[in-house]
Every structure is written in C-alpha cells, then in structure tokens.
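A.B. asks: Sequence and predicted structure are below.
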Amino acid sequence: MKPVSQKVTASRILVVDDSEEIVKLVTEILQDSGYKTIVARNGREALKMVESDNPDLILLDAIMPAMDGYEVTRLLKSEDRTRLTPIIMLTGLSDFSDKMKGIELGVDDFIVKPFNHIELLTRVKSLLRVKQYTDELENAETVIFSLALAVEAKDSYTEGHCHRLSYYGAKLAEHIGLSDDDIKAVRRGGVLHDIGKIAIDERILRKPGSLTSEEFTLVKQHPVIGESICKPLRSLNNVLPIIRSHQERWNGSGYPDGLSKENIPVTARVIMTVDLYDALTTDRPYRKALPEEEAIRIMFDEAKKGLWDPTMMHEFIQLLKNNKIDKLV
C-alpha cells in the first residue's frame, strides 16, 4: 500500500532588494528549494507587501533608497501582527556597529554579500522552523481565547462581560501607571479570568438562586482550573496571576489562596475592581442593572468593609466620575 501523501503548503518568503541581480539570484535559489517568493524593490513597497501577503519570512537588504532595511525592521517589529515574522538582513556591510544596530531593532539573522547559497538556505530553513513553532503557540493561544468566550456565551447575562472587563481594566491599569506589559496582561486577563468555569457544570453557573455549599466549593475551583489551562503557554505567563487571584479579597476572605492586601497581584486587583463594577451595572438573573450612582455608592461601601483595595477602588471611581471611561453595553 502506498503511503498517503500530505500536501504541505510552501512557505512564502518576501525578498526585498533594489538590485535586480540579487533579487534574481535569491528568488531562483529559494524557488528551486520549493519556497514561494514575492518581491519588493524598496522599503515602502516591502511594507505594503507584508500588509497584503503576510510572508513567513523576509530577506531584507540593509541599504535601499526611499526607506532602508533598518527602518523597515523597526516598523515591522513594533507591530504585534508582524513582530514575530523573522527577518534576515542581506548586507554588504560587515561593520560590527551596523550589525548591532540591526540586532537592537529586531533583525533575526544576517547574511553578508556575497553569500553562499547553502548558507542562505540553511538560515532560511532554521528561522522558518522557529516561525512554525511560534505560529503553533499563537494558534493554541487563539483556541484558549475562544474557549473563554465560549464560557461567556453560555450565559446571556454575561454577554460582553469579557470585552467590558478587558476595556475597563486596561483603562484603570493605564491610569494608575502600570507598565505596558501589565496593561497588556490586564487586557488579556479581562477575557481569560473566568476560563476555568468551562469545567463547572453549566446548571450551577446559571443557577438563579443561592448555591449550596457543595456547589460553591465546585465554583471556587475555577481560578485554579483556569490557571492550569493557560499555564503551558509562556505567552500567557503575565496573565496567570489574574486568572488565579481575581477572586481574592482585600481582607483575605477570598479564594483560592486567601491572599490579602498587597499580597494580591496588582493586575488581579485591577480586574477585581472592574469586575465588581460590571456586575453591578449589568442585568443579572436576580435583579436589573443598577444606575451608576448607586453602583458607585455600593462600591465605596464594600471597599470600607475591607473587601476591595480601597486605593484601586478610589482611582477607578474617579475615572468614572471624570468621564474618562466609556460605559460599554
């Protein structure tokens, strides 16, 4: 019996060079090895090609008219969509400072002209292997985010909850001066904080009345379950403290670890704060959404009781009162 053949999609490589001779040589080498090639003659054209064709790898000349390879690299590596696209810089420059400039901007590898075609193919193959690995991680991350939204979709009363927490949380995190990485973690944590509920019986999650002690014990497992779901992905490391600790309370009465005060990660305290606001200002099975003034009063009262970080609560309420946050529905 003949083995079943699997069709493998050829990697797409963008060749960027203003030299017709170099372009012809590189594309012939790559195409003979089974790769698909697209060509740009300068930096500006390269950016347009990346936008429309989304290549798997870029072979980029360092010195070109209009926009050089360094500026192209800077722009591509500053965008989330293209920052992981590997770039090999083709250069006639062998000066150490020129290479350091490229490395600082995010160039993944260098090939000095004139180059050996075996060296070119070896480096291309190596970086494409890395790109495949990062693509797989991103695909896994996409699945996890889809799972989180699937949890939300099970309950009509929580529709849009993840999007609102992501937005409110990022606004608060930015306002209190958290780092860009922490703001990104909060934005993702708003979506992923309740992903562990995927393992909880839907009848319990949608129960309109009070939970039994056994049911509440099951619900309290969801932060730990959520952490275990997301832990294999290194890209979500900064989000794990939010997932695990968003049900802790300032006075130590929360779960799963009974953390209190500053022992609760600051990003989790951000999500805890905006989660309360969203719970009060949206419809629930047991009551209609509260007016904002009443919600703010309750938030102040609960902070005084020691349930929430009082400083975080104060800062968020100031954002609301100063109309610095749009009310999402």
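C.D. replies: Perfect, I can see it now.

A.B. asks: T73 and K99: what is the separation?
C.D. replies: 12 Å (C-beta to C-beta, to the nearest Å). All C-beta atoms are positioned from the backbone trio N, CA, C, and that covers glycine.

A.B. asks: can you give me the strands in the stretch 1-150 of the chain?
C.D. replies: 12-16, 36-40, 57-61, 87-91, 109-112 (DSSP state E, counting those that start in this stretch).

A.B. asks: Now I242. Nearest residue, chain neighbours left out?
C.D. replies: G189 (3.3 Å; C-beta to C-beta, 6 or more residues apart in numbering).

A.B. asks: Can you name every helix or strand that the helix or strand where the one you found lies contacts?
C.D. replies: When elements are assigned from DSSP states H and E, G189 belongs to helix 180-192. For helix 180-192, the elements it packs on are helix 117-153, helix 161-175, helix 240-245, helix 266-280, judged by 3 or more C-beta pairs under 8 Å, 6 or more residues apart in numbering; DSSP states H and E.

A.B. asks: Serialize those to TSV and add fields for mean neighbour count.
C.D. replies: Listed next are those as TSV, based on neighbours: other C-beta atoms under 10 Å:
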stretch	mean neighbour count
helix 117-153	14
helix 161-175	22
helix 240-245	25
helix 266-280	23
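
A.B. asks: re the thing from before, minimum distance to I229: which of the strands of the stretch 1-150 of the chain has it?
C.D. replies: Each of the strands of the stretch 1-150 of the chain has some distance to I229 by C-beta to C-beta; the shortest is strand 57-61, at 31.5 Å.

A.B. asks: so what strands line up beside the closest one?
C.D. replies: strand 12-16 (parallel), strand 87-91 (parallel) (DSSP bridges).

A.B. asks: Can you tell me which of these has the worst average pLDDT?
C.D. replies: Sorting these by mean pLDDT places strand 87-91 lowest, at a mean of 91.

A.B. asks: That one vs helix 117-153, what angle?
C.D. replies: 150 degrees (axes from the mean of the first three to the mean of the last three C-alpha atoms, to 10 degrees).

A.B. asks: contacting residues for the residue nearest to F115 when sequence neighbours are not counted?
C.D. replies: Once flanking residues are discounted, F115 sits nearest to L90: 7.4 Å by C-beta to C-beta, 6+ apart. L90 sits next to D17, I22, V26, L59, L60, D61, A62, I111, K113, F115 when contact means C-beta atoms under 8 Å, 6 or more residues apart in numbering.

A.B. asks: picking that back up, following the helix holding G189, which helix or strand comes up?
C.D. replies: Next along the chain after helix 180-192, taking DSSP H and E as the criterion, comes helix 202-205.

A.B. asks: Which strands or helices does that following helix pack on?
C.D. replies: Helices and strands touching helix 202-205, as assessed by 3+ C-beta pairs under 8 Å, 6+ apart, comprise helix 213-219.

A.B. asks: Can you list the buried residues in the helix it packs on?
C.D. replies: Neighbour counts over helix 213-219 (16 or more other C-beta atoms under 10 Å) mark E215, V219 as buried.

A.B. asks: Now do stretch 230-241: distance from first to last residue.
C.D. replies: Distance between the two ends of stretch 230-241: 11 Å, counting by C-alpha to C-alpha, to the nearest Å.

A.B. asks: pLDDT of that stretch, averaged?
C.D. replies: 89.

A.B. asks: picking that back up, more crowded one of T73 and K99?
C.D. replies: Between T73 and K99, counted using other C-beta atoms under 10 Å, T73 has the larger neighbour count: 24 against 17.

A.B. asks: From E302, how far out is T273?
C.D. replies: Distance check for T273 against E302: by C-beta to C-beta, it reads 10 Å.

A.B. asks: which neighbours do those two share?
C.D. replies: W308.

A.B. asks: Output the below-cut-off pLDDT ranges for the protein.
C.D. replies: Filtered on pLDDT under 70, the chain yields the residue ranges 1-9, 93-95, 136-137, 153-158, 285-286, 329.

A.B. asks: Would you mind giving the domain segments of it?
C.D. replies: Domain segmentation of the chain under automatic domain parsing yields 12-135, 154-321.

A.B. asks: how far is the longest one from where the chain is centred?
C.D. replies: Okay, so that is domain 154-321. 19 Å (C-alpha atoms, centre = their mean, to the nearest Å).

A.B. asks: Likewise for the shortest one?
C.D. replies: Remark: domain 12-135 is offset 25 Å from the chain centroid, using C-alpha atoms, centre = their mean.

A.B. asks: Pull the number of nearby residues for the residue lying closest to I88 once chain neighbours are set aside.
C.D. replies: Excluding the flanking residues, the one nearest I88 by C-beta to C-beta, 6+ apart is D109, at 4.7 Å. For D109, the neighbour count with other C-beta under 10 Å is 16.

A.B. asks: Repeat that for P208.
C.D. replies: 8.

A.B. asks: That one belongs to a helix, doesn't it?
C.D. replies: No - counting by DSSP: H, G, I helix; E, B strand; the rest coil, P208 falls outside a helix, being coil.
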